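A.B. asks: my questions concern the predicted model and sequence given below.
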Amino acid sequence: MDDLSALIEACIRHDRIAQRTLYDRYKKAMFSLAYRMTGDFDMAHDVLQEAFIEMFRHLNDFRQEASLGRWLKTIIIRKAYRYIEKGKLWIAEVPEELVSDTGYAQIEAAHLEKAILSLPDGCRAIFLMIEVEGYSHREVSELLDISEGTSKSQLHAAKRKLRELLKSPALIS
């Protein structure tokens, strides 16, 4: 079952082998996204499971206007956001005048990953959506039901916090 359209059709018919094949095709990338957004291994597994259940339930609604991976990422992001939101109020407005933009120094990937996971949940989620996944502020605002200004301020706050963390490795040890 290499053809994605045939695989999707088989999944719609509740073919368990096709569903497993589709799950196996996307599970690593989607778990990685869920983990980076939540910062919690168990929560990421829960998000992944719920996202795949939702995807399989609504697969016959998938219009193939975007890629299946992009559609599944959207589901993962919404699920992760809901999990984060359940635990705490995490979107905080940051005044624009407190935000500045400078470049990043070259650093080790593991150190950067640890710094990103150290970000507050809301900043981390928005940073990953925009800087890693390539969403626009408009798309983030629609997905998370926040204003574009909040998205922008959270991204700036995330970048500022990352600069602090990366300058002082002791902060993320």
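C.D. replies: Received the coordinates, thanks. Numbers count the residues shown, from 1 in each chain.
A.B. asks: switch to C-alpha atoms for all contacts and neighbour counts from now on
C.D. replies: Fine.
A.B. asks: roughly how far apart are residue 159 and residue 54?
C.D. replies: According to C-alpha to C-alpha, to the nearest Å, residue 159 and residue 54 sit 32 Å apart.
A.B. asks: more neighbours: which of the two?
C.D. replies: Comparing residue 159 with residue 54 by neighbour count (other C-alpha atoms under 10 Å), the higher total belongs to residue 159, at 23 against 15.
A.B. asks: give me the pLDDT for that one.
C.D. replies: On pLDDT, residue 159 comes in at 89.
A.B. asks: tell me which element it falls in.
C.D. replies: helix 148-167 (DSSP states H and E).
A.B. asks: same check on residue 113?
C.D. replies: helix 109-118.
A.B. asks: list the helices and strands that helix packs on?
C.D. replies: helix 148-167 (3 or more C-alpha pairs under 8 Å, 6 or more residues apart in numbering; DSSP states H and E).
A.B. asks: the helix it packs on to helix 109-118, inter-axis angle?
C.D. replies: Helix 148-167 runs at 130 degrees relative to helix 109-118, counting by axes from the mean of the first three to the mean of the last three C-alpha atoms, to 10 degrees.
A.B. asks: give the other helices and strands that helix 148-167 contacts.
C.D. replies: helix 109-118, helix 121-127, helix 137-144.
A.B. asks: can you put those helices in CSV and add mean neighbour count and distance to residue 59?
C.D. replies: Converted to CSV, those look like this (neighbours: other C-alpha atoms under 10 Å; distance: least, C-alpha to C-alpha, whole Å):
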stretch, mean neighbour count, distance to residue 59
helix 109-118, 16, 32
helix 121-127, 26, 25
helix 137-144, 16, 19
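A.B. asks: ok so, going back, per-residue confidence averaged over the helix holding residue 113?
C.D. replies: Mean predicted lDDT for helix 109-118 stands at 76.
A.B. asks: now residue 128: closest residue in space, sequence neighbours ignored.
C.D. replies: Excluding the flanking residues, the one nearest residue 128 by C-alpha to C-alpha, 6 or more residues apart in numbering is residue 37, at 7.0 Å.
A.B. asks: pretty sure the one you found sits against residue 127.
C.D. replies: No - contact criterion C-alpha atoms under 8 Å: residue 37 and residue 127 do not qualify, at 9.1 Å.
A.B. asks: can you give the contact residues for stretch 37-50?
C.D. replies: Contact with stretch 37-50 is made by 27, 30-31, 34-35, 76-77, 79-81, 83-84, 117, 121, 124-125, 128, as judged by C-alpha atoms under 8 Å, 6 or more residues apart in numbering.
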